[in-house]
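Trainee: here is the input, now give the coordinates:
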Amino acid sequence: MNEKPNSDLIISYNSVIIIAIYYFCAFILGFSLTLKTLLFDFSQMSTNNISNILFLTILGSIGMSCIGSSTYYLRKIYKYCINSTLNSSDINLMNLKCLGAMFYFISRPIFSIGFSLLIIVGLLSGFMISSSNKISLTQGFIYINMFLSFFSGFSAGSMITSLEKKGNLLIKKITKGD
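Mentor: Numbers count the residues shown, from 1 in each chain. Okay, the predicted model is just below:
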């Protein structure tokens, strides 16, 4: 789905900075919640403790949601700035483009961190679904995640585009009931 930038958005230079800081904070919150969930010591939990599982599910889901949302909207804000599709009366166009380029370069490593967490969660869930026994992770799990995370970091732009396309298809499938 190709979304056309909204040229009717009117925003000040300072507001762009505030929005970017807000999304960076949302990313840090998401990162923290996701790490807390991934590093939880399940051996300390009694078996089938549904309330703990539900709590961790909510915590991890909020975390990954914050990571996904901040990635998407930080990308959107720098694209608006770089492509000059924001209207602003208090700054000149060059300052807005420079700000967008700055956010572009600052946000890419941050996006890559989010993609790395997504890879870890994806591989863990795949192992858990395919194994009826308790899974045990080895050094191989670390190395495969590091290997895949390098490529997600190296190809952050392609990863964002791919996630956007696949996400839209997934939402359509879910809402259609197919």
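Trainee: the longest helix seen in the chain - contacts with which helices or strands?
Mentor: The longest helix of the chain (DSSP state H) is helix 93-130. If contacts are counted by 3 or more Cβ pairs under 8 Å, 6 or more residues apart in numbering; DSSP states H and E, helix 93-130 sits against helix 13-38, helix 50-82, helix 139-154, helix 156-176. Glycine gets a C-beta too; all of them are placed from N, C-alpha and C.
Trainee: just how off-centre is it within its chain?
Mentor: How far helix 93-130 lies from its chain's middle: 5 Å, per Cα atoms, centre = their mean, to the nearest Å.
Trainee: ditto for stretch 56-67
Mentor: 11 Å.
Trainee: please work out the average pLDDT along it.
Mentor: On average, the pLDDT along stretch 56-67 is 88.
Trainee: also stretch 12-21?
Mentor: On average, stretch 12-21 scores 85.
Trainee: make CSV out of the helices and strands packed on helix 93-130 and add mean neighbour count and distance to residue 124.
Mentor: Shown next, in CSV, are the helices and strands packed on helix 93-130 (neighbours: other Cβ atoms under 10 Å; distance: least, Cβ to Cβ, whole Å):
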stretch, mean neighbour count, distance to residue 124
helix 13-38, 17, 8
helix 50-82, 17, 11
helix 139-154, 13, 8
helix 156-176, 12, 18
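Trainee: with adjacent residues omitted, what lies nearest to the most centrally placed residue in the chain?
Mentor: In the chain, the centroid-proximal residue (Cα atoms, centre = their mean) is residue 68; its distance is 2.8 Å. Excluding the flanking residues, the one nearest residue 68 by Cβ to Cβ, 6 or more residues apart in numbering is residue 114, at 7.1 Å.
Trainee: for the one you found, give its distance to residue 45.
Mentor: 27 Å (Cβ to Cβ, to the nearest Å).
Trainee: now residue 132
Mentor: 20 Å.
Trainee: the more surrounded of these two?
Mentor: The neighbour count for residue 132 versus residue 45, taken as other Cβ atoms under 10 Å, is higher for residue 45 (12 against 7).
Trainee: for the closest residue to that one other than its chain neighbours, give me the pLDDT.
Mentor: Spatial nearest neighbour of residue 45, chain neighbours left out: residue 52 (5.3 Å); criterion: Cβ to Cβ, 6+ apart. For residue 52, the pLDDT comes out at 78.
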